[in-house]
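> Everything below, folded, please.
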Amino acid sequence: MADKEIVPKELDLIQDVIKRMATNSFQVKTWMMSIVTAILAFKNTEVFSAGLTKDHHGVYICLVLLMPIICFWYLDGFFLRTEKLYRELYKWVIANRPKTDRYLYDLNTLKRENFVDTSQPDIDCQADAKTVWDAMKTKTLLPFYLVPFLLVVFLAAYNWFSL
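Next up, the predicted model:
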């Protein structure tokens, strides 16, 4: 059985990973907003001057702007999913550590045996966290990335149809 000093140390390790994922998620949001804002600020004459020139520079810039939005959106979904995996691992450690020393200090988020209620199936942290695509559609990420995405798509369409 686990020593009383081991459980808090193991939980601290898991909490550190969760904190790191939350920090990464915040930095991804910061980078995305900075890149999109900088490109719109430096290329505002091309993006916002639809119909004044006969080239498609505004459309191309908008299409280039979609790449960082989509990439950072995916990265943020990955970090959110990973954070959920470690929250499930945290729950497993709290529930099962008094019963067993198995998986001690193991930070893998794979299927684990349920030692609390042996009649229940094994706990699969991966299944509980779903996929990255599901994480991208959560109520915290969807509005944050969908608004700039739709804004850029609107600007591209405005530039395209104003020619």
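> pLDDT below threshold where in this protein?
Filtered on pLDDT under 70, the chain yields the residue ranges 1-4, 50-56, 101, 103-104, 108, 110-129, 163.
> Can you list the residue ranges for strands in it?
111-112, 123-124 (DSSP state E).
> any idea how far residue 71 lies from residue 62?
According to Cβ to Cβ, to the nearest Å, residue 71 and residue 62 sit 16 Å apart. Just so you know, the C-beta spots here come from the backbone N, C-alpha and C atoms, and that holds for glycine as well.
> In terms of neighbours, single out the busier of the two.
residue 62 (25 against 14; other Cβ atoms under 10 Å).
> Verify the stated contact: that one with residue 149.
No. Using Cβ atoms under 8 Å, residue 62 is not in contact with residue 149, being 10.7 Å away.
> Go through this protein and flag its longest helix.
helix 57-96 (DSSP state H).
> So for that one, what gets flagged as buried?
By neighbour count on 16 or more other Cβ atoms under 10 Å, the buried set for helix 57-96 is 58-59, 61-62, 65, 68-69, 72-90, 92-93, 96.
> what do you get for stretch 143-151?
Within stretch 143-151, the residues scored as buried using 16+ other Cβ under 10 Å are 144-145, 148-149.
> Need those in CSV (columns: distance to residue 26).
As requested, the buried residues of stretch 143-151 are exported to CSV (distance: Cβ to Cβ, whole Å):
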residue, distance to residue 26
144, 11
145, 14
148, 16
149, 19
